[in-house]
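[1] Predicted model follows, preceded by the sequence.
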Amino acid sequence: MAKCAPVAAAPRGLLVYYADYRCGHHITLTPDQVDQWPDDVRLSDLKPKFTCSKCGQRGADIRPDFEPPTMG
């Protein structure tokens with residue numbers, strides 16, 4: 001049975017979309033910015049702590065920003 005090589009599936013950063021439909025603002029956090037939090041912090045714990053710097057909306061939808069796949 002052939003073994004597959006491990007895939008680097010770790011996210012490179014975070015995508016932050018503000019929760020209110022009237023806001024629509026979003027930011028991308030780089031890996032350097034994400035490294036400030038310990039590994040055991042859950043994204044759901046961070047959601048209420050974000051405030052939009054443009055409109056003041058609190059709360060966010062946070063998702064991992066995975067590195068795009070490479071072909072070949």
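    Done, it's in. Numbers count the residues shown, from 1 in each chain.

[2] Go ahead and confirm residue 25 touches residue 18.
    Yes: look at residue 25 against residue 18 with Cβ atoms under 8 Å: they come within range, at 5.2 Å. For the C-beta atoms, the positions are set from N, CA and C on the backbone; glycine is no exception.

[3] what do those two both touch?
    Here residue 25 and residue 18 share the contacting residues 52, 55, 57, scored by Cβ atoms under 8 Å, 6 or more residues apart in numbering.

[4] Could you save those residues as a markdown table and add columns showing secondary structure and neighbour count?
    A markdown table is the format used below for these (DSSP: H, G, I helix; E, B strand; the rest coil; neighbours: other Cβ atoms under 10 Å):
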| residue | secondary structure | neighbour count |
| --- | --- | --- |
| 52 | coil | 20 |
| 55 | coil | 12 |
| 57 | coil | 17 |
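
[5] Can you add distance to residue 64 and pLDDT and give those back as CSV?
    Output for these, formatted as CSV (distance: Cβ to Cβ, whole Å; pLDDT from 0 to 100):
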residue, distance to residue 64, pLDDT
52, 20, 87
55, 25, 84
57, 22, 83
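
[6] Residue 52: what's it in contact with?
    18, 23, 25, 58, 60.

[7] Just want the most central residue of this protein.
    Nearest to the mean C-alpha position of the chain, by Cα atoms, centre = their mean, lies residue 14 at 1.9 Å.

[8] which regions of the chain lie under the pLDDT threshold?
    Counting by pLDDT under 70, the chain shows low-confidence ranges at 1-11, 72.
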